[in-house]
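Asks: sequence first, then the predicted structure, then my questions.
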Amino acid sequence: MADQTVAIVIHDGVQALDVTGPGDVFAEANGILGGSMSYRTVLVARAREPVTASNGMRMLPDLGFEEAQQPFSIVLVAGGPQLPTAPPDDELSAWLRTAAEQADLYGSICTGAFALGHAGLLDGRAATTHWQVAQQLAVLFPHARIDPDRIYLRDGRLITSAGVTAGIDLALAQVAEDHGATVAQAVAKRLLVIAQRQGGQSQFSPFLAAPVDAGSPLARVQQHVLEHLGETLSARQLAAVAQTSERTLWRLFKEVGLTPHDFVEGARVDAARNLLEGSEAPLKVVAYDCGFGNPERMRAVFCRRLGLSPAQYRDSFRMRSGTLKAAE
């Protein structure tokens, strides 16, 4: 395999880790491969002038758009907090369309998917992005198929990742495809990360969001559910709490994309996650206190919703002495 050039598009407000994470994966792969087959990463921006990242770090592009006309093996747009609400950048979109057509692979890290969408490069494709803005991406680009739970996703020549550190996952997957799982595993060990994460983005995102109107029927239902998780919570009981008919309750939940059952189950999962992260309570106690009844039922719900068991979730996210447990 010939050397591969990886162009990472940067811009003012870029998320630094969206750039340095994949860059370090490719650099470590080069060291392991010994220079026989390597990746060469270049930073591309509107002009060859310093770019200020969202954390204040300054980055110097290797090429401006006018200079970067040659084909690249891989083209990636790094994300940034401002991209979901930024207006389309015509110059960036034009460059991306040309670069994507010439590249073997093209894609995005985190919210860089919004730049691809504005360039028309998500239409008819499956893609992912950070869970917090996945719905916004789906609404803005309705011809794309947005999967909010994937850590990274490939659809033909398009590769996209979830938020921030997921760019590392995407780059590791690419190294595994190019050079095999052994090389990717060696890179992951050097960087002290997991070569392939269990579960999807759901394990990082809460299922419940606060209602816009604190006095609304749904707000009353949410408060009641959170205070009575260990009890049986039927649609009839919730309708009484909301002071509506069952039919109206179902309609209210449908407007936010849920059913009453989904809502209650999500509340129980969120409560269980909090206990698994912040306490040493046995799994059977967590299951009972959160309304699952038994550990087997809790495990089934966790595996279905999060892609990992309660024990695996606790091992990944448990707080110890004020810090997250380190991956081994």
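Replies: In hand now; what should we look at?

Asks: now do the strands in this structure.
Replies: Assigned by DSSP state E, the strands in the chain fall at 4-9, 39-45, 51-52, 58-59, 63-64, 74-77, 105-108, 126-127, 145-146, 152-155, 158-161, 319-320, 323-324.

Asks: ranking those by mean pLDDT, which is last?
Replies: When the strands of the chain are ranked by mean pLDDT, strand 323-324 comes last with a mean of 40.

Asks: coming back round to it: possible to save the strands of the chain as a markdown table with distance to Lys254 and mean neighbour count?
Replies: Quick note: C-beta positions are derived from backbone N, CA and C, even for glycine. Formatted as a markdown table, these follow (distance: least, CB to CB, whole Å; neighbours: other CB atoms under 10 Å):
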| stretch | distance to Lys254 | mean neighbour count |
| --- | --- | --- |
| strand 4-9 | 40 | 22 |
| strand 39-45 | 45 | 20 |
| strand 51-52 | 44 | 18 |
| strand 58-59 | 46 | 14 |
| strand 63-64 | 49 | 16 |
| strand 74-77 | 35 | 29 |
| strand 105-108 | 32 | 26 |
| strand 126-127 | 25 | 22 |
| strand 145-146 | 20 | 20 |
| strand 152-155 | 28 | 19 |
| strand 158-161 | 29 | 27 |
| strand 319-320 | 36 | 10 |
| strand 323-324 | 37 | 9 |
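
Asks: adding distance to Lys189, write the ones you listed out as CSV.
Replies: Listed next are the strands of the chain as CSV, based on distance: least, CB to CB, whole Å:
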stretch, distance to Lys189
strand 4-9, 21
strand 39-45, 18
strand 51-52, 31
strand 58-59, 27
strand 63-64, 32
strand 74-77, 23
strand 105-108, 25
strand 126-127, 29
strand 145-146, 32
strand 152-155, 19
strand 158-161, 21
strand 319-320, 22
strand 323-324, 19
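
Asks: surely Asn30 meets Asp24?
Replies: No. Contact criterion CB atoms under 8 Å: Asn30 and Asp24 do not qualify, at 10.5 Å.

Asks: center of the protein, which residue is that?
Replies: Ala162 (2.8 Å; CA atoms, centre = their mean).

Asks: now do the contacts for Val14.
Replies: Neighbour list for Val14: 51, 53-54, 59, 78-80 [criterion: CB atoms under 8 Å, 6 or more residues apart in numbering].

Asks: ok, and the most crowded of the residues you listed?
Replies: Comparing the contacts of Val14 on neighbour count, Gly79 comes out first with 33 neighbours (neighbours: other CB atoms under 10 Å).

Asks: that one and Arg150, how far apart?
Replies: Per CB to CB, to the nearest Å, Gly79 is found 15 Å from Arg150.

Asks: over to Asp18?
Replies: Distance, Asp18 to Arg150, by CB to CB: 17 Å.

Asks: quick one: which of those two has more around it?
Replies: Set side by side, Asp18 and Arg150 show more neighbours around Asp18, with 30 against 21, by other CB under 10 Å.

Asks: now do the contacts for the closest residue to Pro22 other than its chain neighbours.
Replies: In space, and not counting its chain neighbours, Pro22 is closest to Ala171: 3.9 Å by CB to CB, 6 or more residues apart in numbering. If you count contacts by CB under 8 Å, 6+ apart, Ala171 has them with 21-22, 25-26.

Asks: what pLDDT does Ala171 get?
Replies: pLDDT, Ala171: 93.

Asks: over to Asp178?
Replies: Listed pLDDT for Asp178 reads 90.

Asks: now stretch 134-151: how far from the chain's centre is it?
Replies: 11 Å (CA atoms, centre = their mean, to the nearest Å).

Asks: show residues contacting that stretch.
Replies: Contacts to stretch 134-151, defined as CB under 8 Å, 6+ apart, come from residues 84, 113-114, 117, 122-129, 131, 153, 161-162, 166, 169-170, 197, 200-202, 307.

Asks: make it 7 Å
Replies: 84, 113-114, 117, 122-129, 131, 153, 161-162, 166, 169, 197, 200-202 (CB atoms under 7 Å, 6 or more residues apart in numbering).

Asks: list only buried entries from those.
Replies: Buried members of the contacts of stretch 134-151, counted by 16 or more other CB atoms under 10 Å: 84, 113-114, 117, 122, 125-129, 131, 153, 161-162, 166, 169, 197, 200-202.

Asks: okay, and which of these map to helices?
Replies: In this view, these that belong to helices under DSSP state H are 113-114, 117, 166, 169.
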